[in-house]
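1. I'll drop the sequence and a predicted model, then ask my questions.
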Amino acid sequence: MPPRSTANAVLDARLTQGLVPRLRIFRDVSPASVGPLIKQCWVMSGPRGTIIVERGARLPGVFGLAYGSAKLSLRGQDGEERVLHLVSAGQTFGEAESLLGRPGHSEAIALADSKLVVIPAAAIF
């Protein structure tokens, strides 16, 4: 994680505190349990066109999309792309891969300038 200015750190903390409790995977989790988890999260930027996760890479955690959009896709050996899922603000991806410790089966690409909150798998456990 690169060093951040104090102002950016405060904004990132607010973004994380606002997003994580609203995510579907934490819907039935008490605020007291989510609080310590939030402290272990970090924010990453995904400018439009950026590969957020490469196919076959190990994911550092579950990704929550604060704003922007992303696509999860596969590329065949012929180079043809198959879009598996479009992710929008307030949604997550990478749950199965990160929680099971398996490499990602697809790549995630930012379709618009995006901010993502990474929720480490260890924090969830």
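-> Yes, it's here. Residues are numbered from 1 along each chain as shown.
2. what's the closest non-adjacent residue to Val83?
-> Ser73 (4.8 Å; Cβ to Cβ, 6 or more residues apart in numbering). C-beta here means a position set from N, CA and C on the backbone, and glycine is covered the same way.
3. wait, Arg75
-> Across the structure, with Cβ to Cβ, 6+ apart as the measure, the residue nearest Arg75 apart from its sequence neighbours is Glu81 (5.4 Å).
4. So which bits of the longest helix seen in the chain are buried?
-> When every helix of the chain is counted residue by residue (DSSP state H), the longest turns out to be helix 6-19. Of the residues in helix 6-19, those scored as buried under the neighbour-count criterion (16 or more other Cβ atoms under 10 Å) are Asp12, Leu15, Thr16, Leu19.
5. what are the bridge partners for the residue nearest to Gly68 when sequence neighbours are not counted, then?
-> Leaving aside its sequence neighbours, Gly68 sits nearest to Ser114 (Cβ to Cβ, 6+ apart; 2.5 Å). Listed beta-bridge partners, Ser114: Gly46 (assigned using DSSP bridges).
6. now Leu111: how far from Arg58?
-> With the distance defined as Cβ to Cβ, to the nearest Å, Leu111 ends up 23 Å from Arg58.
7. Neighbour count: the two, which is higher?
-> With other Cβ atoms under 10 Å as the criterion, Leu111 and Arg58 differ in neighbour count, and Leu111 comes out ahead with 16 against 12.
8. Contact partners for Arg24?
-> Gln91, Thr92 (Cβ atoms under 8 Å, 6 or more residues apart in numbering).
9. rerun at 7 Å
-> In this structure, Arg24 makes contact with Thr92, judged by Cβ atoms under 7 Å, 6 or more residues apart in numbering.
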